[in-house]
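In: Please work out how this folds:
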Amino acid sequence: MRPSETFRTRLMAGLRRQPPALDRTDAALNGDFRLNDPNDIDVDKAIREAAVLVPLVEHENGIHVLLTERSGDLSSHAGQVAFPGGRIDPEDDGPVDAALREAEEEVGLDRAHVDVVGFLDPYETGTRFRVVPVVGFVRPGFELTLNPAEVDEAFEVPLAFLMDPDNHERHSATWQGKRRHFFAMPYDGHYIWGATAGMIVNLYERCFAAAPETEDA
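Out: Residues are numbered from 1 along each chain as shown. Now for the predicted structure:
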C-alpha cells in the first residue's frame, strides 16, 4: 500500500461522518483554551458560527494540505496562515456549504473539485468563533484564483509533516495582557499557529495518534 493510501485509510476511519453538534463545552475543550485557562472565556460574548475547509490534495509523492496566508491588509488576523473559511451566513446550507463557498471566494477553488469526506471536532477560538472544520479531497485539475483582498498566498504542506507530532510545537505570546499558549508548526518560511495549528493537531489525534475512532462523538 502506498503511503498516500495509508493516510487516506486512516483519515476515513478517524473523521466524523456528520457535522458535529455545536456544543460550547465540546468546542472549548478543542479550542484556544485547551492550552489556556478556560475561565478566561468571555461567556457574555455571543458565539459566532464559522466553518473552514481542510483541503487535501493528492500528488504522486503523497497527500498535501492546502493553506492560505491571509492578506496583510485585513482588519483581523492579517498575514496569518489559515484554512479557507469564514462565518456561516444565514443563506448557507450548513457548514459544508459555508466552507465550500468561502474557498471559492478566497482562492477560487471550484467546489466541483472537492469531495467532502468528513469533519473534525468543532474548534472555539478566543475571539468566540466556533469553527467546524470540513475535510475534503481536492481532485486533480483544479485551478486557483486568489482574491487579493483576502489572501496573499496559497501554498501546500505535506500531510506527513503535519501529522508528525515532533512538529507540533508549543509556543506562547502575550495577548491582551495575558500570556497565551498555542500550537505552532513552522514550515518552509510559513508560521502555522493558533486555531489552524490546533485543528491540525485535532486531525492528528482523531486519525493518526492511536487506533482510528469509529464513532461520532
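In: Now do the same for Lys45: helix, strand or coil?
Out: coil (DSSP: H, G, I helix; E, B strand; the rest coil).
In: and the gap between it and Ala51?
Out: 20 Å (C-beta to C-beta, to the nearest Å). Where you see a C-beta, it was placed from the backbone N, CA and C, and this is true even at glycine.
In: Between those two, which has more neighbouring residues?
Out: Ala51 (29 against 9; other C-beta atoms under 10 Å).
In: Leaving out sequence neighbours, find the closest residue to that one.
Out: Pro95 (3.7 Å; C-beta to C-beta, 6 or more residues apart in numbering).
In: Surely that neighbour touches Val135?
Out: No: counting by C-beta atoms under 8 Å, Pro95 stays clear of Val135, with 11.3 Å between them.
In: Which neighbours do these two have in common?
Out: Common neighbours of Pro95 and Val135, counting by C-beta atoms under 8 Å, 6 or more residues apart in numbering, are Phe119.
In: Okay, helices next: where are they in the chain?
Out: 3-14, 24-29, 94-107, 159-162, 194-207 (DSSP state H).
In: Put together TSV for these, with mean neighbour count and distance to Phe182 on each row.
Out: Below are the helices of the chain laid out as TSV (neighbours: other C-beta atoms under 10 Å; distance: least, C-beta to C-beta, whole Å):
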stretch	mean neighbour count	distance to Phe182
helix 3-14	16	23
helix 24-29	16	15
helix 94-107	22	22
helix 159-162	19	16
helix 194-207	22	5
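In: pretty sure Ile63 is touching Arg8, no?
Out: Yes: between Ile63 and Arg8 there is a contact at 7.1 Å, judged by C-beta under 8 Å.
In: Val107 touches Thr68, doesn't it?
Out: Yes: applying C-beta under 8 Å as the test, Val107 and Thr68 come out as touching, 6.2 Å apart.
In: Between the helices of the chain, which one is closest to Pro148.
Out: helix 94-107 (10.4 Å; C-beta to C-beta).
In: what sits up against the closest one?
Out: In contact with helix 94-107 (C-beta under 8 Å, 6+ apart) are residues 19, 49-53, 55, 66, 68, 84-89, 92, 109-111, 114, 116, 119, 132, 134, 144-147, 150-151, 154.
In: which of the residues you listed are buried?
Out: The neighbour count (16 or more other C-beta atoms under 10 Å) marks 19, 49-53, 55, 66, 68, 84-86, 88, 92, 109-110, 114, 116, 119, 132, 134, 146, 150-151, 154 as buried among these.
In: Counting only strands, which of these make the cut?
Out: Within the buried ones among the contacts of helix 94-107, residues falling in strands by DSSP state E are 49-53, 55, 66, 68, 85-86, 114, 116, 119, 132, 134, 151, 154.
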